[in-house]
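# Everything below, folded, please.
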Amino acid sequence: MKIIGKKTIYKGKYLKVLEKEYLTKNKNKGIWEYIERKESVFIFALTKDRQVILERNYRIPLNSFNIELPAGLLDKKNESPKEAAKRELLEETGYLAKKIIQIFRSPLEPGISSSRGIIFFAPNVEFVGKKKGEDVEEIETIKVPLEKLEEFLLEKAEKENIDLKIFGVLAILKKKCLI
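As a prediction, this is how the structure comes out:
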């Protein structure tokens with residue numbers, strides 16, 4: 001595969017739509033449409049009593065709610081990914097992370113986007129009070145016992161949208177002996 005051209009089709013506040021022209025191994029030309037977006041942070045937060053903090057977040061593209069990890073874009077100037085993760089967790093859920101560990105960085109949807117996500121683990125988070133969030137955000141905080149998380153997600157998946165990243169992060173945390 002050889003990239004022979006690239007052009008921006010649309011540029012918005014948070015994302016760009018692009019086309020890349022390429023040659024296949026057999027020298028056939030093609031065009032691939034994709035999205036560029038700022039990097040995101042995702043937080044697997046765990047309370048002292050081993051409750052996982054999730055969100056039931058209204059997602060406009062889905063026209064429904066999605067159960068997911070607290071998350072946000074790296075869109076503040078001079079803010080590190082760790083700082084962004086702590087800020088997003090506090091803003092969206094009211095939970096404060098005193099300790100936060102980066103556990104993984106990965107492409108999010110490599111077939112359609114070049115954006116990446118950074119996954120953080122925040123053990124022993126404490127509720128300090130939820131502030132009024134952004135007007136566009138409609139978020140309900142959900143607490144689920146860690147030992148019942150998979151069962152909860154599978155049960156909810158029958159009626160609601162579930163972000164698959166939760167399962168992947170759970171497996172990584174288990175493999176790294178963090179939970």
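# does the residue positioned nearest the centre of the chain sit in a helix or strand, and which one?
Nearest to the mean C-alpha position of the chain, counting by C-alpha atoms, centre = their mean, stands F42 at 4.3 Å. Here F42 sits within strand 40-47, counting by DSSP states H and E.
# any idea how far K27 is from N78?
Per C-beta to C-beta, to the nearest Å, N78 is found 45 Å from K27. For every residue, glycine as well, the C-beta is placed using N, CA and C.
# so the residue nearest to the centre of the chain bridges to which residues?
As for beta bridges, F42 partners with A71, I119 under DSSP bridges.
# Packing partners of the strand holding F42?
Applying 3 or more C-beta pairs under 8 Å, 6 or more residues apart in numbering; DSSP states H and E, one finds that strand 40-47 makes contact with strand 51-59, strand 71-73, helix 81-93, strand 116-127, helix 165-175.
# Which positions within the longest one qualify as buried?
So the one you mean is helix 81-93. Residues P81, K82, A84, A85, K86, E88, L89, L90, E91, E92, T93 are the ones in helix 81-93 that count as buried (16 or more other C-beta atoms under 10 Å).
# Ok, the first one next?
In terms of neighbour count (16+ other C-beta under 10 Å), strand 51-59 has its buried residues at Q51, V52, I53, L54, E55, R56, N57.
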